[in-house]
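Chemist: Coordinates only, no sequence provided:
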């Protein structure tokens, strides 16, 4: 699987676009499960002790105040989601760190209440809002979700762009599971989402074949154009 993932991620690297969009429709999931161990949320890989988190905080504090995002972003190192990690830290169209926070998406619009995450742009500042039901998600699952959301960086979106973002999310989740298998809390709704994407990805022989079909038949995307800037051919 590593070989197949490597081939796909090389392809994705060559496809890294110049411009992106900022809205996501999620896969629905069930009620989350909450648990904690020794003051650290269950699901943190062992190396993410409070001492280690304190050491990495200066690198990530510009994105927000929640330490679980620092852990999630750090877990993207060495994966196909490294591009997204760098984008969130400021290597994006705005040239500013993307702000990440848990937020009740239904307060933005009732239509967004069930979303897992939402990209937003206010003036020159980019945001990624995560549904609060994922506060207790394994950080590895949040890492895969952030890999997706960081692709969306402007007001344009398309079926091609969502296909790219979902495929990157699935590929990143596969890598996360190889490096941090403890991330696979199968009862958590965000993990259910990631494993759903993983199955589509694997069924398509580690390509976007079935993810693309899912995106194109998603009711939430029915008004999206086929392509957008940076995603003219995918």
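Modeler: Everything's here; your move. All figures in this text were calculated on a predicted structure; none of them were measured in a lab.
Chemist: okay but residue 141 is in contact with residue 186, surely?
Modeler: No: using C-beta atoms under 8 Å, residue 141 is not in contact with residue 186, being 10.7 Å away. Every C-beta, even on glycine, is put in place using the N, C-alpha and C of the backbone.
Chemist: Quick check on these two: which one has the bigger neighbour count.
Modeler: Applying other C-beta atoms under 10 Å to residue 141 and residue 186 shows that residue 141 carries more neighbours, namely 28 against 7.
Chemist: Quick check: closest non-adjacent residue to that one.
Modeler: Ranked by C-beta to C-beta, 6 or more residues apart in numbering and with sequence neighbours excluded, the top spatial neighbour of residue 141 is residue 190, at 4.3 Å.
Chemist: Next up, the contacts around residue 195.
Modeler: Counting by C-beta atoms under 8 Å, 6 or more residues apart in numbering, residue 195 makes contact with 173, 184, 186.
Chemist: Need those residues in TSV (columns: secondary structure, distance to residue 213 and pLDDT).
Modeler: Shown next, in TSV, are those (DSSP: H, G, I helix; E, B strand; the rest coil; distance: C-beta to C-beta, whole Å; pLDDT from 0 to 100):
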residue	secondary structure	distance to residue 213	pLDDT
173	helix	19	98
184	coil	25	96
186	coil	24	94
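Chemist: Take the residues you listed and write them to TSV, including distance to residue 97.
Modeler: Below are the contacts of residue 195 laid out as TSV (distance: C-beta to C-beta, whole Å):
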residue	distance to residue 97
173	23
184	29
186	32
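Chemist: Let me know the closest of those residues to residue 202.
Modeler: Closest approach to residue 202 among the contacts of residue 195 (C-beta to C-beta): residue 173, at 10.8 Å.
Chemist: ok, the most centrally placed residue in the chain to residue 130 distance?
Modeler: Ranked by distance to the mean C-alpha position of the chain (C-alpha atoms, centre = their mean), the top residue is residue 145 at 1.9 Å. Distance, residue 145 to residue 130, using C-beta to C-beta, to the nearest Å: 7 Å.
Chemist: who touches both of the two?
Modeler: Taking C-beta under 8 Å, 6+ apart as the contact rule, residue 145 and residue 130 both touch 116-117.
Chemist: Stretch 198-208: end-to-end distance?
Modeler: End-to-end distance for stretch 198-208, by C-alpha to C-alpha, to the nearest Å: 11 Å.
Chemist: Would you indicate which residues of that stretch are buried?
Modeler: Buried residues in stretch 198-208, counting neighbours by 16 or more other C-beta atoms under 10 Å, are found at 198, 200-201, 204, 206-208.
Chemist: picking that back up, so which helix or strand takes in the residue nearest to the centre of the chain?
Modeler: helix 139-149 (DSSP states H and E).
Chemist: What of residue 198?
Modeler: Using DSSP H and E, residue 198 maps to helix 189-203.
Chemist: right, and the helix or strand after that helix?
Modeler: Reading on from helix 189-203 to the C-terminus, the next helix or strand found by DSSP H and E is helix 209-216.
Chemist: which residues touch that next one?
Modeler: The contact list for helix 209-216 (C-beta under 8 Å, 6+ apart) reads 159, 162-163, 166-167, 170, 197, 200-201, 203-204, 221.
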